[in-house]
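J.: prediction below, plus the sequence it came from.
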Amino acid sequence: MLLKTLKGHIGHVTNLVVSADGKLLASGGGDHMIRLWHLPSGRLAANLEGLAGDNGCILFTPDGEFLVCSSGGGMGMDHTVRVWSVPDRRIVRVLAGHTRNVTCLAMSADGQWLASGSGDCTIRLWGAELARLRETPVGQTTLEDLSWIQSVAQDGALSARERPLVEFIAALMRWRRRLDIFLDEAGPRVIELGEFDIEIEG
C-alpha cells in the first residue's frame, strides 16, 4: 500500500538511504541534489548540493550525525567523497585521492572506517581518527596524536557537535603532557628557570 509520494527531485531518483534511527531518508538523483526527508511524515528537511552524476552514492554514518556522498559519472564530477554534517547541513570534509568517479561507498558498523570504490580500479580506506582518539586512553596517545588534534581544533570546518569533543580531547592530552620537557637539539642545552636552572650534558 502506497503511503507517501515525495516530490522535489527534477528527473530520476537513483539513490535512497534511511538513517539508522529511521527518522531521516536521503535521496539522490540526476539533478545532482541530495534531499533529506523527515520520516514518517515525508516532509522535506533540507536540500544539499553535492551528488554529482547518476552513479554517485550516499550513506549515513551509524550515529546519523553525518551523511557521506560521492561523485558519480556526468558533468562536474571531481572524484571526491564529501562528508556532510547532518545537524549543520554543511560539508565538513572532502576526501580526495581517487582519479576517476567514485561509484560505491561502505562503512564499518562502528563508523570508524569508510571504504570507497572507484573507476580508477582502487578501493580506498579512510579512517576516522577522531573516533580512534575518543576510544584511546590518554596515557597511550603520542606526540603525533597531540599535534594532529591541536591542528584539527583550529579547523574552521568542524561541526558544532565535533568542536567540544575535539577541544576536550586536546585539553586532556595537553594536561597529560604538562610536565614534559621538549628540547630543541639545535638550540641551547640549558633550560632557564631562574635560580634553579637545568643543564643538560650531551
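T.: Nice, thanks for sending it over.

J.: going by C-alpha atoms from here, please, whenever you check contacts or count neighbours.
T.: Noted.

J.: how many residues are close by the spatially closest residue to Asp31 that is not a sequence neighbour?
T.: Take Asp31 and drop its neighbours on the chain: the residue closest to it by CA to CA, 6 or more residues apart in numbering is Ile10, 5.7 Å away. Ile10: 11 surrounding residues under other CA atoms under 10 Å.

J.: surely Ile10 forms part of a strand?
T.: No. According to DSSP: H, G, I helix; E, B strand; the rest coil, Ile10 belongs to no strand; its state is coil.

J.: isn't it right next to Gly30, touching?
T.: Yes. Assessed by CA atoms under 8 Å, Ile10 is found in contact with Gly30 at 7.5 Å.

J.: what ranges do the helices span in the chain?
T.: 129-135, 143-153, 162-176 (DSSP state H).

J.: I'd like the ones you listed as a markdown table, with distance to Ala106, mean neighbour count and mean pLDDT appended.
T.: Putting these into a markdown table (distance: least, CA to CA, whole Å; neighbours: other CA atoms under 10 Å; pLDDT from 0 to 100) gives the following:
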| stretch | distance to Ala106 | mean neighbour count | mean pLDDT |
| --- | --- | --- | --- |
| helix 129-135 | 17 | 13 | 67 |
| helix 143-153 | 25 | 15 | 80 |
| helix 162-176 | 22 | 16 | 82 |
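
J.: burial of Leu36, as a residue count?
T.: 22.

J.: and what of Leu114?
T.: 17.

J.: what does Pro40 give?
T.: Pro40, neighbours per other CA under 10 Å, totals 12.

J.: what do you get for Pro62?
T.: 17.

J.: against Pro40, how distant is it?
T.: 19 Å (CA to CA, to the nearest Å).

J.: if we can go back for a sec, output the helices of the chain as a markdown table; include the columns distance to Leu44.
T.: Output for those, formatted as a markdown table (distance: least, CA to CA, whole Å):
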| stretch | distance to Leu44 |
| --- | --- |
| helix 129-135 | 30 |
| helix 143-153 | 33 |
| helix 162-176 | 25 |
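
J.: okay, now the domains of the chain?
T.: 13-127, 128-202 (automatic domain parsing).

J.: for the first one, the distance to its chain's centre please.
T.: Using CA atoms, centre = their mean, to the nearest Å, we find the averaged C-alpha position of domain 13-127 to lie 11 Å away from the chain's own average C-alpha position.

J.: ok, back up a step: out of the domains of the chain, which one sits most buried?
T.: domain 13-127 (a mean of 18; mean count of other CA atoms under 10 Å).

J.: for it, measure first residue to last.
T.: For domain 13-127, the end-to-end distance is 30 Å (CA to CA).

J.: stretch 115-125 now?
T.: Note: stretch 115-125 ends 5 Å apart using CA to CA.
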